[in-house]
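Engineer: coords please:
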Amino acid sequence: MVLMFTFALQTLRSRLAGFVGAFVALMCAAAMVAACGMLLDTGLRGEIPVERYAGSPIVVAGDQMLHWNVVKDKGDGETKTKTKSKPLTERAWIPAELTATVAAVPGVAEVVPEVSFPAHLLDARGLPLSGPEDGNSWGHGISSAPLTPFAVTDGREPAVAGEIAVDTELASRAGIAAGDTVTVQSTTTPGSYTVVGLVTPESGDLAAQSTIFFADDEARSLAGHDGMLTAIGVVPTEGADLDKLGTDLSAALTGTPGQVYAGAARGPLEFVEAEGARVKLLSMGGAIGGTSLLVGVLVVVGTFALSMQQRHREIALLRAIAATPRQMRQLIGREALMVGLTAAPIGAIGGIFLAGWLRERFVGYGVIPANLELVVSPFPPIAAIAATLGAAFLAARISARHVIRIRPTEALSDAAMATPRLGVLRAIFGVLALAGGVILLIVLSGLSMEAAASPVTFFTAILLVVALALLGPVVARVAAFVCTPLLSVILRASGYLAAANARTGARRLASVITPLGLLIGLTVTILFVPTTMGDAAAGEMRDGTRADYTLAAPGPGIPPEAAATVRDLPGVDAATETVGSTVRVGQDKYRAQGVTPRNVSANLDLGVRQGSMDDFGDTSIAMSELAAEQRDATVGDQIDVTMGDGVHVTLTLVATYTRHLGFGDLTLPHAVVAAHVDNPLSSTVLISGSVTPQQIREALGSAYPTIAVLGDAEVAEARSAAASTNAEVQLLVMSLVIAFAAIAVVNTLAMATADRAREFALLRLVGTTRRQVLRMLRAETGVAVLIAAVIGTAIAVATLTAFSKGMTGAAQPSLSAVKYTAVIGGAALLAFLATALPARMALRGRPADVIGGKQ
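Structural biologist: Below is the predicted model:
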């Protein structure tokens with residue numbers, strides 16, 4: 001055992017350059033696994049700091065989870081019931097009567113009722129000020145100040161309508177003081193308020209939200225939930241047992257909508273969007289981690305395979321002098337473990353910093369809130385090290401399988417001939433991978449839900465690349481015979497040598513084509529999946545919007561009073577308010593829009609197939625054909641919808657439509673959606689009629705300074721900007737995979753080129769010039785890039801076409817010639833640089849010295 005480790009260590013020392021590629025691949029794999037593991041850990045265990053409710057150890061609020069039972073048949077007539085839960089997308093409210101129930105529980109000294117609603121100070125330009133770190137800005141009743149607790153540090157508390165108190169951090173950013181008059185945008189028309197006081201939390205400024213306090217009566221009116229509360233803060237009696245008090249409160253609230261939140265559970269209650277972000281982080285971390293692990297194994301196996309090819313003669317010699325297959329497996333396995341033990345810890349530590357960088361990018365794109373901190377623990381790095389060592393050992397054993405099983409008498413001849421034979425098992429697995437990829441393409445073409453289609457899309461592309469890796473030598477030989485005849489004509493001597501090398505060195509060419517094909521295929525797929533979706537959605541919105549103009553506003557949105565003002569203008573045929581949300585029908589989640597029912601068909605053409613939007617009223621619902629088919633619903637059915645805040649409403653299905661990508665799967669009355677979302681203001685108002693933009697602006701006047709009147713071109717530009725942001729997020733999610741594939745390209749080409757020093761020296765000894773050798777290498781690299789571009793593009797186009805067919809109903813992926821050319825050009829540049837630099841180093845020595853082993 002010790003002797004084998006010593007021999008492995010000596011091999012590593014003598015062939016250090018040959019193991020650099022494996023080291024880099026394993027280090028990158030460890031970094032990716034560690035980073036993805038930390039994102040997953042953050043999604044599972046990441047704590048959301050308590051801010052607003054910091055002064056109340058126990059809070060009673062609505063259940064922020066949606067629960068349902070799933071009954072499974074265990075056989076023999078037995079069933080098992082399992083409860084599943086998903087977070088709500090909006091805040092759940094509770095009846096105000098629960099304050100009496102909570103106050104009656106022994107150990108409760110005081111109850112503090114709370115209402116929350118969006119409220120923003122407007123700056124001198126009329127633009128809304130957000131909270132710190134682009135967080136939310138909330139309005140509350142002044143009586144709920146003890147929940148934090150806030151204390152008045154300048155002025156007094158607001159007592160009547162038209163008075164507010166502002167937290168000192170927000171006042172500092174806004175440049176205001178007690179006594180100033182400001183404009184506040186909440187759930188109605190922006191109003192003028194007098195700042196009668198400044199308030200400061202006892203524990204310091206809040207880090208993720210701004211606070212504006214109103215008089216209690218005005219706060220309840222602005223919240224818009226008559227008789228309902230956001231939460232009830234519990235102040236316990238002195239010395240009360242908090243655990244027992246929590247248990248007693250839960251017992252008292254049994255059968256009511258109230259739930260008890262204590263300790264760390266108050267954070268997710270306070271930041272509803274943060275809890276949803278944790279679920280999103282789990283899904284993104286799993287997607288990145290799973291894809292990265294597949295790509296990592298593929299790259300590591302390819303790197304070790306190339307290393308084994310380069311050591312073919314050395315291993316063959318050991319077999320010829322009586323080394324057994326078992327001893328060779330032990331030697332190669334221990335070499336891999338030594339490389340892995342060096343590379344994995346470095347990569348795992350780097351993964352910690354990589355996870356931090358990814359979190360910052362996600363926060364910047366608004367995918368997760370700034371107050372969801374990264375969980376740093378030893379478990380993801382340890383798991384990354386273990387996974388990397390396992391991958392290294394497995395890759396080395398797989399890669400060495402052919403060379404250690406040949407008979408000793410054939411060893412040297414096999415090494416000398418380097419016959420590019422394809423093993424039976426490799427051919428079988430290659431064909432199975434190709435068949436699996438084709439089956440997934442068929443499956444993908446039938447998937448119409450993005451949540452299901454996205455992971456299948458990337459797995460399909462990777463499985464097809466795996467097939468390429470396994471069948472690479474055959475593909476390389478066929479491609480070489482097709483592509484190389486012209487080389488000898490165009491480049492003469494250099495071309496003749498390149499053509500000969502491409503035909504005889506099929507294994508080496510295959511090892512180069514695989515990472516290049518992976519890079520091109522995955523990058524093109526990742527780039528154009530969001531554009532395919534975005535362009536299809538934009539096309540549906542363009543074709544389905546009949547409005548002449550669109551009102552839009554930054555910040556919270558457009559108040560109903562503004563829409564009413566425009567609706568009453570002479571010449572306006574219809575003014576349709578829209579507000580978005582996410583709802584559920586049964587357990588299925590759908591993107592929904594709320595629209596004003598009155599004359600909705602004048603502004604929207606949803607592509608109705610059954611029923612009519614003319615029948616759309618205050619208790620109606622329209623569904624996409626896809627959603628209706630999933631729910632087995634037909635026009636006239638009663639549809640039970642769970643709104644974003646968990647409230648159930650029953651609506652009558654009046655129409656089914658086709659343009660779900662542009663307008664969502666469900667269309668509900670505006671009033672229904674607005675009553676069950678945290679921000680009831682409209683995102684847009686669609687206007688049709690003979691009115692002019694100038695007339696609209698004049699009607700809105702100075703009361704709504706930030707509302708813009710947009711024409712078709714401006715609306716298209718705004719949608720394009722939003723789609724671009726979504727595409728950037730998608731690209732960021734998969735950027736690790738692209739980066740790893742790029743590293744694999746550089747790694748493989750550098751290894752393959754550096755190992756050919758003797759070949760180059762022999763060519764120079766027989767009369768080939770240094771320039772001709774470099775031209776030969778450039779020609780070989782060009783052939784490899786061309787073959788990889790054709791195969792990678794074929795994989796990407798096939799995958800994108802299947803994705804487009806399933807998601808949009810048309811096999812028309814959206815491709816950009818500029819972006820595609822950039823991908824091919826970038827891959828080619830990497831390939832030529834990774835070849836040229838090692839080649840120039842290999843050509844520096846005298847040919848005779850290189851042949852003789854002198855460096």
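
Engineer: in stretch 114-128, what's buried?
Structural biologist: For stretch 114-128, the neighbour count (16 or more other C-beta atoms under 10 Å) marks Glu114, Val115, Ser116, Phe117, Pro118, Ala119, His120, Leu121, Leu122, Gly126, Leu127, Pro128 as buried. Where C-beta positions appear, they are placed from N, C-alpha and C, glycine not excepted.

Engineer: the stretch 651-800 of the chain: helices as residue ranges?
Structural biologist: Taking DSSP state H, counting those that start in this stretch, the helices of the stretch 651-800 of the chain run over residues 660-663, 670-674, 693-700, 712-733, 735-754, 757-765, 770-808.

Engineer: JSON lines for the buried residues of stretch 114-128, including distance to Met338?
Structural biologist: Shown next, in JSON lines, are the buried residues of stretch 114-128 (distance: C-beta to C-beta, whole Å):
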{"residue": "Glu114", "distance to Met338": "61"}
{"residue": "Val115", "distance to Met338": "64"}
{"residue": "Ser116", "distance to Met338": "58"}
{"residue": "Phe117", "distance to Met338": "62"}
{"residue": "Pro118", "distance to Met338": "59"}
{"residue": "Ala119", "distance to Met338": "62"}
{"residue": "His120", "distance to Met338": "60"}
{"residue": "Leu121", "distance to Met338": "62"}
{"residue": "Leu122", "distance to Met338": "64"}
{"residue": "Gly126", "distance to Met338": "66"}
{"residue": "Leu127", "distance to Met338": "60"}
{"residue": "Pro128", "distance to Met338": "59"}
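
Engineer: and Val431, what helix or strand is that in?
Structural biologist: Assigned by DSSP states H and E, Val431 belongs to helix 424-444.

Engineer: off-centre distance for that helix?
Structural biologist: Helix 424-444 sits 27 Å away from the centroid of its parent chain (C-alpha atoms, centre = their mean, to the nearest Å).

Engineer: and the gap between the spatially closest residue to Glu90 that is not a sequence neighbour and Gly544?
Structural biologist: Counting by C-beta to C-beta, 6 or more residues apart in numbering, Glu90 lies nearest to Gly644, which is 3.4 Å off, once chain neighbours are set aside. From Gly644 across to Gly544, the span is 24 Å (C-beta to C-beta, to the nearest Å).

Engineer: looking at those two, which is more packed in?
Structural biologist: Comparing Gly644 with Gly544 by other C-beta atoms under 10 Å, the one with more neighbours is Gly644, at 22 against 17.

Engineer: tell me who's in contact with that one.
Structural biologist: Listed by C-beta atoms under 8 Å, 6 or more residues apart in numbering, the contact partners of Gly644 are Leu88, Thr89, Glu90, Ser581, Thr582, Val583, His676, Val677.

Engineer: list the contacts of the last one.
Structural biologist: By C-beta under 8 Å, 6+ apart, Val677 lies in contact with Glu90, Val579, Ser581, Gly644, Asp645.

Engineer: ok, so of the residues you listed, who is nearest Thr525?
Structural biologist: Ser581 (31.1 Å; C-beta to C-beta).

Engineer: gap between Val115 and Ser624?
Structural biologist: Val115 is 35 Å from Ser624, by C-beta to C-beta.

Engineer: which residues touch stretch 366-381?
Structural biologist: 33-38, 40-42, 45-49, 51, 133-135, 207-208, 271, 273-274, 277-278, 280-281, 284, 345, 348-349, 351-352, 355-356, 359, 362-363, 729.

Engineer: would you show me how to pick out the buried ones of these in PyMOL?
Structural biologist: What follows is the PyMOL syntax for the buried subset of the contacts of stretch 366-381, where burial is set by 16+ other C-beta under 10 Å:
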select buried, resi 33+34+35+36+37+38+40+41+42+46+47+48+49+51+135+208+271+273+274+277+278+281+284+345+348+349+351+352+355+359+362+363+729
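
Engineer: in helices, which of the contacts of stretch 366-381 appear?
Structural biologist: 33-38, 40-42, 45, 273-274, 277-278, 280-281, 284, 345, 348-349, 351-352, 355-356, 359, 362-363, 729 (DSSP state H).

Engineer: ok, which pair from the contacts of Val677 is furthest apart?
Structural biologist: By the measure C-beta to C-beta, Val579 and Asp645 form the most distant pair in the contacts of Val677, at 13.6 Å.

Engineer: neighbour count winner among the two?
Structural biologist: Val579 (24 against 21).

Engineer: list the residues that contact the closest residue to the more buried one other than its chain neighbours.
Structural biologist: Counting by C-beta to C-beta, 6+ apart, the nearest residue to Val579 once its immediate chain neighbours are dropped is Gly594, at 4.5 Å. Contacts here follow C-beta under 8 Å, 6+ apart; on that basis Gly594 touches 577-581, 667-674.

Engineer: could you chop this structure up by domain?
Structural biologist: With domains defined by automatic domain parsing, the chain comprises 1-48+271-417, 59-239+252-261, 420-535+743-855, 549-710.

Engineer: I'd like those as a markdown table, with mean pLDDT appended.
Structural biologist: A markdown table is the format used below for the domains of the chain (pLDDT from 0 to 100):
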| stretch | mean pLDDT |
| --- | --- |
| domain 1-48+271-417 | 74 |
| domain 59-239+252-261 | 91 |
| domain 420-535+743-855 | 79 |
| domain 549-710 | 92 |
